[in-house]
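1. Got a predicted structure here, sequence first:
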Amino acid sequence: MRKISAHLILDGLGNSYHKGILSVDESGRIIDILDTKGQLNESAEVEFYSGVIVPGFVNVHCHLELSHLMNAFPEGAGMIPFLKKVVKSRANEPERIVLSAEKADLMMFKEGIVAVGDISNETSTFELKSKSRIDYFTFIEILGFNPDRAASAFEKAVTNLKSAENHGLKASIVPHASYSVSTQLFDAISSEALKTGSPISFHSQESIEEDELYLKGSGELINLFRDVLGIDTSFFKPTGEGALQSTLKYFPEQSNLLLIHNLNTKQSDIEYISSVRKLRNTWFGLCPGSNLFIQNKLPDIELFRKNHLQICLGTDSLVSNHQLSILAEMKILQKAYPSISLDEILSWATYHGANALSINDWAGSIEVGKRPGINLLTSLDITGKKLLPGTKVKKLC
Ligand SMILES: [Zn+2]
């Protein structure tokens with residue numbers, strides 16, 4: 001049994017304990033939280049740290065298998081040039097993919113991340129994820145704009161899902177984005193989700209071009225498919241509605257839904273979402289570092305807060321970020337929105353993420369009975385409860 005204390009403990013639920021003491025067993029399970037109300041007597045049996053103790057971080061969105069493409073693309077290129085490059089660079093030597101993914105996994109572990117929602121199009125990272133000290137949920141992602149590809153793409157996903165399960169990984173089959181999945185493929189994914197009750201993660205409203213595709217059937221996305229990827233796009237009929245409005249109907253109402261990016265989400269979109277499904281099982285995964293990297297833009301976070309949406313945080317991949325660190329994402333948000341409290345940003349980085357990945361029985365908050373991982377934040381403004389550019393995270397257990 002360890003007794004751990006610091007200047008401040010933030011539990012991820014909005015509560016704070018000044019010089020509180022956590023009793024933690026060998027497995028990292030919290031046995032007791034003692035509120036000393038700041039009156040901590042020096043004691044040999046208490047490990048005291050200078051800084052702030054917070055729960056382990058939850059990263060709801062990553063692509064571990066793309067880690068080998070770190071530093072491959074320039075910043076600020078915009079969404080369509082970025083997509084063009086990713087599509088062209090996916091194939092690579094398998095050893096390099098695994099080696100880079102292992103390094104990325106270790107980077108996240110050292111950054112105090114305890115759980116990850118990770119997108120996989122291939123199976124190359126399954127082995128390392130099954131052995132990692134991080135808890136992974138694997139979203140087996142499908143792309144297939146042309147309906148002719150629906151059957152084979154879905155078949156491949158089912159094979160990959162079996163492989164994930166054989167590795168002992170929790171996994172589900174999910175669509176990539178509104179603009180890269182045909183209605184036939186959406187239908188297949190939807191039936192599968194309905195059958196298994198498994199969660200869905202989906203890249204949503206990351207680019208304005210996806211709306212143009214659905215509204216008018218024109219724009220840079222369809223040009224990309226037709227002219228660069230050589231896909232026959234003649235079958236595609238615009239719906240006359242936005243991308244979100246055209247595709248959200250494919251997700252079963254009872255499935256947990258994790259919408260990723262939401263960079264261009266407006267009030268009318270939120271009203272649409274709440275008209276077709278419960279906001280209770282809908283999460284909004286924000287990846288601010290990636291949004292800045294690709295488009296130099298951040299989502300309208302005040303809009304999400306005003307509507308009481310469940311915000312959680314993701315790093316996205318090393319293709320569009322400099323590091324895989326939830327702390328770095330928190331710093332970006334605090335800098336852009338200085339009036340939002342650290343307690344609230346922390347709840348996005350921990351508690352809401354754990355709910356989104358359905359691991360709230362053990363992760364996401366410092367509560368008796370959980371083993372959420374204990375992180376120490378150092379070099380921050382403790383009294384003002386503010387992260388500083390030099391704030392670092394250290395895993396205590
Ligand atoms: Zn992504």
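-> Yes, it's here. Numbers count the residues shown, from 1 in each chain.

2. Where do the domain boundaries of the chain fall?
-> Annotated domains of the chain cover 2-54+383-395, 57-324 [automatic domain parsing].

3. can you tell me which of the ones you listed comes nearest to S358?
-> Of all the domains of the chain, domain 57-324 sits nearest to S358, with 6.6 Å by Cβ to Cβ. To be clear about C-beta, it is placed using only N, CA and C from the backbone, and glycine gets the same treatment.

4. Deepest in the core, which of the domains of the chain is it.
-> domain 57-324 (a mean of 19; mean count of other Cβ atoms under 10 Å).

5. could the domains of the chain go into TSV alongside distance to N375?
-> Below are those laid out as TSV (distance: least, Cβ to Cβ, whole Å):
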stretch	distance to N375
domain 2-54+383-395	5
domain 57-324	4
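
6. Next, format those domains as a markdown table and append distance to E344 and mean pLDDT.
-> Output for those, formatted as a markdown table (distance: least, Cβ to Cβ, whole Å; pLDDT from 0 to 100):
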| stretch | distance to E344 | mean pLDDT |
| --- | --- | --- |
| domain 2-54+383-395 | 8 | 95 |
| domain 57-324 | 8 | 95 |
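
7. Of all those domains, which one is nearest G373?
-> Per Cβ to Cβ, nearest to G373 of the domains of the chain: domain 57-324, 3.9 Å.

8. circling back: I359 is nearest to which of the domains of the chain?
-> Closest among these, using Cβ to Cβ: domain 57-324, at 5.6 Å.

9. now L258, nearest residue through space, not along the chain?
-> S201 (4.3 Å; Cβ to Cβ, 6 or more residues apart in numbering).

10. no, scratch that, I was asking about R29
-> Counting by Cβ to Cβ, 6+ apart, the residue nearest R29 is R371, at 4.4 Å.

11. can you confirm E141 is in a strand?
-> Yes: counting by DSSP: H, G, I helix; E, B strand; the rest coil, E141 falls inside a strand.

12. Test my guess that it contacts H176.
-> Yes: if you go by Cβ atoms under 8 Å, E141 and H176 touch, sitting 5.2 Å apart.

13. any chance you could map the helices in the protein?
-> Ranges of helices within the chain are 79-89, 94-110, 126-131, 150-166, 183-196, 209-216, 220-223, 243-247, 267-276, 288-295, 301-306, 326-336, 342-349, 351-356, based on DSSP state H.

14. want to throw those helices into CSV with distance to K3?
-> Formatted as CSV, the helices of the chain follow (distance: least, Cβ to Cβ, whole Å):
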stretch, distance to K3
helix 79-89, 48
helix 94-110, 24
helix 126-131, 31
helix 150-166, 39
helix 183-196, 43
helix 209-216, 52
helix 220-223, 56
helix 243-247, 49
helix 267-276, 45
helix 288-295, 35
helix 301-306, 36
helix 326-336, 25
helix 342-349, 23
helix 351-356, 24
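
15. so who does the residue nearest to R29 touch?
-> When contacts are counted by Cβ atoms under 8 Å, 6 or more residues apart in numbering, R371 touches S27, G28, R29, I30, W362, A363.

16. farthest pair in those?
-> The widest separation within the contacts of R371 (Cβ to Cβ) is 13.5 Å, between S27 and A363.

17. Quick check: closest non-adjacent residue to N281.
-> N256 (4.9 Å).
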